[in-house]
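K.L.:
Task: produce atomic coordinates for the following.
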Amino acid sequence: MPFDRHQFRLGRGRELARTAGDHASDMFAPLTVLGRGLRHHADWARGRWQATPKDRRGPTLFLAAAMLLGIYLLPHGLLFALVALMASAAWSGRAPKAPPAPPEPDVADVKLTALYAALTPYLGGPDGLDPLYHHEGGYQGVFSGWEFDGGGRLARLEIAYPAYFTDTEPAARARIEQVVQGKAGRAREYRFDWDEESNRLRITALAPLPADIVAQRFVAAPGEIVLGFTDEDGSARTIPVHRGGGVSQQPPVVWRTGPRSAEPHLLALGVNGYGASGLIRSVALQALPFGDLVVIDGAGTGEHACLVNRPGVHTVETSLHGALAALQWAADETARRLAVLNAARHAGTAPPEDVTRPLWLLLDHPTELGELARAEGRPDPQDLLELPLRHGRAARVTVVVADDIEALGRIPASVRATARARVVLGPAGPEETRAALGVPLDIVPAAQAPAGRGYARIGAGAPVRLQVPVTVDPLDEDAPAALRDAVIALLPHHDTRTGAPAADRSAAPPCPDGPPAVPVEPGPGPRAGVDLAKGQAALGFRPLA
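P.N.:
A predicted model of the protein is given here:
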């Protein structure tokens, strides 16, 4: 290979330049350190000056001038000050200043970009139509009004969607709602407001309802049952509630019963473990001061043993034989009440008290007894509810049925048709919730919710969120003592019915000017309560004779 003098000279020059640069860097290294330290001091002084309030800058300047004058008047003061400044600068500039940390990415850019990409397969369209959602697009053109809370979670968002999206189909809506909740977080509930006219979807994260309201006497009129509590826009009034050692105003979900109620019966469905039995106990405690109770515990777990032998409680049944007898008596009692009330109207007299006092039929998981009855070839106890359901409003008989949401298909059509007050507890699916409430729900439930959390719909009204008061079984030793004591305080402890003779109900009141009174056959008396002796002494039970 021939020798190239030009390349040799070029390489030699680069080496000399690199060597000269290294020597210059070593020679000027102290000056570089001092310059870096002085720059740090200047940045510090500038920051302190900008942070000083304007009303304190004058005294600060005066104090600095006084210090400089004192240093100048001291012997060799300027020399000492210069040495101290150089030493401080050398110490401060010994290492280069760390580069500033890169700014954190905007939470809106990160989360809204991911949400836009997740919605594109469902809201995108053909490329020729210039769709709002496509793989190379951005969220700025379709998202508006977004808001995030302090934890970086989505709190509010408005989405524009194309006009060809099938927003009238519940399945299509459910897919979009599921995608939005998955990207925004499944730990909260979200309300979806579909504006079909303007092709807009407004999403709002809902604050959690209070889950620490325990069983207590609520401010309500006779015949009004407080099913639980909801949002401020879900109720037209508030009531005082003892909560956390104080009293606060909470909006209740009130169910009105009685002869003038448009929804005289209640159907409560829930996911297993979300408090359907607790709702039955809450209704029982509110109904006891004004009415009589017949309780059917179809699960047979003793959830309502605290009501055994209580004043106003006719019976608490857990067996199939006992449930059939109790419901047959309830059907006969409904017929007797109708006859007595009809005779009183013909006579123009006030009906007797025993037919105007409300009678409550509380059935917890009756479908389990129905399965047992079919296995034994016996009639379903739920079939005996036909008469109380159809004529309960006139006879002052109220029916409350609570069961698992999976058992909705095994509940008779008469119950589903007449029980127009509905409650769904727990995170049920959209199809199950729609079948239970009768209308689609515009709220997506959270993946995890406390017991008693659900939704209520009274008649033809809109569904509202619901949190049932904490009403534990007082015989449950695993429940907190404070919650058990709250339920025990609401239970009646003295049976006053044994001191007065039973009223003669063999005939209706006479009618002097109208048609003769129709004699009414007395119905069979209520059976004795189930024998659940555990815990009865602690709760003040007195066994029936």
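
K.L.:
make it CA atoms for all contacts and neighbour counts henceforth
P.N.:
OK.

K.L.:
how far does the top helix by length along the chain sit from the chain's center?
P.N.:
If you go by DSSP state H, the chain has its longest helix at helix 320-347. Distance of helix 320-347 from the chain centroid (Cα atoms, centre = their mean, to the nearest Å) equals 40 Å.

K.L.:
element containing the nearest residue in space to Asp149 that is not next to it in sequence?
P.N.:
Once flanking residues are discounted, Asp149 sits nearest to Ala155: 6.0 Å by Cα to Cα, 6 or more residues apart in numbering. Using DSSP states H and E, the element containing Ala155 is strand 154-160.

K.L.:
now for that strand, which elements pack on it?
P.N.:
Secondary-structure packing of strand 154-160 (3 or more Cα pairs under 8 Å, 6 or more residues apart in numbering; DSSP states H and E): strand 143-148, strand 200-206.

K.L.:
Within its sheet, name the partner strands of it and how each one runs.
P.N.:
Sheet pairing for strand 154-160, assigned by DSSP bridges, gives strand 143-148 (antiparallel), strand 200-206 (antiparallel).

K.L.:
So which bits of the last one are buried?
P.N.:
Taking 16 or more other Cα atoms under 10 Å as the neighbour-count basis, strand 200-206 is seen to contain the buried residues 200-205.

K.L.:
So what touches the helix or strand just after it?
P.N.:
Once the chain leaves strand 200-206, the next helix or strand it forms, by DSSP H and E, is strand 224-229. With contact meaning Cα atoms under 8 Å, 6 or more residues apart in numbering, strand 224-229 is reached by 209, 218, 220, 250-257, 279, 282-283, 286-287, 465-469.

K.L.:
hmm, 7 Å instead?
P.N.:
With contact meaning Cα atoms under 7 Å, 6 or more residues apart in numbering, strand 224-229 is reached by 250-257, 283, 286, 466-469.

K.L.:
returning to what we had before: what would the helices and strands packed on strand 154-160 look like in a markdown table with distance to Pro440?
P.N.:
Output for the helices and strands packed on strand 154-160, formatted as a markdown table (distance: least, Cα to Cα, whole Å):
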| stretch | distance to Pro440 |
| --- | --- |
| strand 143-148 | 25 |
| strand 200-206 | 16 |
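
K.L.:
Excluding chain neighbours, what is closest to Arg410?
P.N.:
In this structure, Arg410 finds its nearest non-sequential neighbour in Thr367, 6.4 Å apart by Cα to Cα, 6+ apart.

K.L.:
still on that earlier bit, who's in contact with the strand holding Ala155?
P.N.:
142-149, 184, 199-205.

K.L.:
that older thread, go through the contacts of strand 224-229 and single out the one with the most neighbours.
P.N.:
Counting neighbours by other Cα atoms under 10 Å, the top entry in those is Val468, with 31 neighbours.

K.L.:
Next, the contact list for it, please.
P.N.:
Val468 neighbours (Cα under 7 Å, 6+ apart): 227-229, 279, 452-453.

K.L.:
what do you get for Ala299?
P.N.:
Ala299 makes contact with 365, 368 under the criterion Cα under 7 Å, 6+ apart.

K.L.:
Roughly how far does it sit from Ile411?
P.N.:
15 Å (Cα to Cα, to the nearest Å).

K.L.:
low pLDDT regions in this structure?
P.N.:
Within the chain, the segments meeting pLDDT under 70 span 1-14, 16-17, 19-29, 31, 94-99, 101, 126-130, 494-545.

K.L.:
Kindly recompute the last result at 80.
P.N.:
Along the chain, the model assigns pLDDT under 80 to residues 1-38, 40-41, 71-72, 76-105, 125-130, 494-545.

K.L.:
Tell me if Val399 really is in a strand.
P.N.:
Yes. Under DSSP: H, G, I helix; E, B strand; the rest coil, Val399 sits within a strand.

K.L.:
Show me what it bridges to in the sheet.
P.N.:
The residues listed as beta-bridge partners of Val399 by DSSP bridges are Leu361.

K.L.:
do you know how far it is from Gly392?
P.N.:
Separation of Val399 from Gly392 (Cα to Cα): 8 Å.

K.L.:
Looking at these two, which is more packed in?
P.N.:
Taking neighbours as other Cα under 10 Å, Val399 and Gly392 compare with Gly392 leading, 26 against 22.

K.L.:
list the contacts for the more buried one?
P.N.:
Neighbours of Gly392 in contact, by Cα under 7 Å, 6+ apart: Thr398.

K.L.:
So it: helix, strand or coil?
P.N.:
Three-state call for Gly392 (three-state DSSP): helix.

K.L.:
Could you measure from it over to Arg260?
P.N.:
As defined by Cα to Cα, Gly392 lies at a distance of 11 Å from Arg260.

K.L.:
which residues of the stretch 401-545 of the chain fall in strands?
P.N.:
421-425, 443-444, 453-458, 464-467 (DSSP state E, counting those that start in this stretch).

K.L.:
Mind listing the strands the first one pairs with, and their directions?
P.N.:
So the one you mean is strand 421-425. By DSSP bridges, strand 421-425 pairs with strand 266-270 (parallel), strand 453-458 (antiparallel).

K.L.:
Tell me which of these approaches Glu169 most closely.
P.N.:
strand 453-458 (21.6 Å; Cα to Cα).

K.L.:
Having no further points to raise, I will conclude here.
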